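Colleague: only geometry, no sequence info:
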């Protein structure tokens with residue numbers, strides 16, 4: 001049976017334990033995702049408490065990280081999503097917040113002009129992060145957010 005959470009506390013505590021196990025075992029998110037058989041972005045989000053994992057993936061992740069049956073159950077439970085309270089203070093997360101503060105209305109205007117009234121799904125969605133060379137030296141981050149467009153339907 002599928003179950004949903006009301007209080008995100010247990011998933012936060014599991015995320016802390018999972019990251020600790022990841023660190024102790026010196027694993028990458030890619031290695032954890034490979035064990036789960038899912039994308040690195042989805043698996044990372046799930047381990048950090050933002051998605052439910054299918055049972056085989058939850059078991060594989062728990063086994064790799066050395067977590068117990070309670071962890072398997074929690075990893076399979078639909079979470080109360082949203083990991084940020086207020087304005088983020090972590091510099092990396094804050095920069096994404098800043099990007100949306102600066103470009104959020106621009107993205108909205110361009111999406112509506114191109115597609116009409118609707119939203120870009122975060123459910124039917126993929127995320128990819130790649131490192132590429134910067135022609136001026138150093139590296140650049142290429143982040144692809146790929147969500148299905150869902151039109152607003154009058155009723």
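Modeller: It's in. Since the structure is predicted, the reported quantities are computational estimates derived from the model, not experimental observations. Residues are numbered from 1 along each chain as shown.
Colleague: how about the one helix or strand residue 32 maps to: buried residues?
Modeller: In this structure, residue 32 is located in helix 29-36 according to DSSP states H and E. The neighbour-count check on helix 29-36 (16 or more other Cβ atoms under 10 Å) flags 32-33, 35-36 as buried. In short, each C-beta sits where N, CA and C put it, glycine included.
Colleague: and if you look at stretch 37-54?
Modeller: If you call a residue buried by 16+ other Cβ under 10 Å, then stretch 37-54 has these buried ones: 38, 40-53.
Colleague: now the strands for this structure?
Modeller: Under the criterion DSSP state E, the chain contains strands at 118-133, 139-151.
Colleague: Could you tell me the end-to-end distance of stretch 72-84?
Modeller: The first and final residues of stretch 72-84 sit 24 Å from each other (Cα to Cα, to the nearest Å).
Colleague: Just the helices from the protein, written as ranges.
Modeller: Secondary structure of the chain (DSSP state H): helices at 9-24, 29-36, 40-47, 55-65, 69-76, 91-115.
Colleague: Please identify the most buried of those helices.
Modeller: Scoring the helices of the chain by mean neighbour count under mean count of other Cβ atoms under 10 Å gives helix 40-47 as the most buried, with a mean of 21.
Colleague: now for the helix holding residue 32, which elements pack on it?
Modeller: Helix 29-36 is packed against helix 40-47, helix 55-65, with contacts defined by 3 or more Cβ pairs under 8 Å, 6 or more residues apart in numbering; DSSP states H and E.
Colleague: Looking at those helices, spot the one closest to residue 79.
Modeller: Taking Cβ to Cβ as the criterion, helix 40-47 is the member of the helices and strands packed on helix 29-36 that comes nearest to residue 79, at 8.5 Å.
Colleague: Next, the angle from the closest one to strand 118-133.
Modeller: Between the direction of helix 40-47 and that of strand 118-133, the angle (axes from the mean of the first three to the mean of the last three Cα atoms, to 10 degrees) works out to 110 degrees.
Colleague: contact partners of helix 40-47?
Modeller: Outside of helix 40-47, the residues that reach it under the criterion Cβ atoms under 8 Å, 6 or more residues apart in numbering are 15, 18-19, 22, 29-30, 32-33, 36, 38, 51-53, 57, 61, 75, 126-129.
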